[in-house]
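J.: generate a structure from the sequence data that follows.
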Amino acid sequence: MRMLYIFDMGNVVITNIHCMEAIAKAFHLDKDAFFEDYQNYTVPVMEGFVQPHAYWEHVGLRFHVRITGEPFADYFHPVPNPDVIDTIKRLRKRGDRAVCGSNTIGPHWDIIAAMGLTDDLFDATYPSHLLSLSKPEPEYYQYIMDHEHALAADTWFVDDYSWNIDAAAKLGIHTLLYDYQNVACREALQRL
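T.: This next block holds a predicted model:
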């Protein structure tokens with residue numbers, strides 16, 4: 001039986017994903033205030049309802065700074081995770097379907113795609129900013145399964161956040177909470 005494997009991107013397929021601290025430092029923003037403010041925009045930006053340029057305009061006005069460039073891209077330097085990439089290739093080679101289900105934003109997705117880690121690696125991709133849906137909403141997982149013609153019982157989901165894992169498990173999806181620094185997690189990945 002062919003299985004569907006849904007892989008998160010950040011801290012699973014790629015590491016070194018955090019850029020907000022570097023952005024705060026580069027533009028001399030009070031880190032705590034900047035992070036607190038961003039919490040109001042995280043989901044709207046990830047779901048594509050607020051475009052990155054509009055968010056940076058907000059930051060400029062809110063913090064009285066001049067934002068130059070595209071900070072989401074300029075300070076984002078992901079590193080491929082060969083363990084997961086090899087697993088995805090192995091799963092696809094044996095005839096299973098491997099897709100990416102990621103909460104992301106346009107500038108990050110463009111960089112990841114240029115690295116060959118979207119269409120070249122996966123059978124399909126489901127980035128939140130293009131779907132106007134994000135994890136951990138049940139509709140996000142259901143959208144992927146519907147488009148993949150898969151049942152929850154025939155689906156695995158690999159993610160680094162427990163709340164995303166918990167939401168998928170409530171739908172009956174098999175799950176693996178992944179931590180690339182944890183040997184046991186890397187071993188569990190090899191058993192998929």
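
J.: which residues in the chain form helices?
T.: Here the chain has its helices, by DSSP state H, at 20-26, 31-38, 42-46, 52-63, 71-74, 82-93, 106-114, 128-131, 138-148, 162-170, 183-190.

J.: pick out the shakiest of those, pLDDT-wise.
T.: In terms of mean pLDDT, the lowest-scoring of the helices of the chain is helix 183-190 (a mean of 89).

J.: contact partners for Gln117?
T.: To be clear, residue 117 is Leu; Gln isn't right here. Met9, Val13, Ile14, Pro80, Ile85 (CB atoms under 8 Å, 6 or more residues apart in numbering). Quick note: C-beta positions are derived from backbone N, CA and C, even for glycine.

J.: tell me, how many neighbours does His53 end up with?
T.: Using other CB atoms under 10 Å, His53 has 13 other residues around it.

J.: could I get the contacts of Leu117 as TSV with neighbour count and distance to Asn164?
T.: Listed next are the contacts of Leu117 as TSV, based on neighbours: other CB atoms under 10 Å; distance: CB to CB, whole Å:
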residue	neighbour count	distance to Asn164
Met9	27	12
Val13	28	14
Ile14	24	16
Pro80	16	21
Ile85	16	20
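
J.: between these, which is nearest Asn40?
T.: Met9 (23.3 Å; CB to CB).

J.: you'd agree that closest one is up against Ile105?
T.: No: in terms of CB atoms under 8 Å, Met9 does not count as a neighbour of Ile105; the distance is 11.3 Å.
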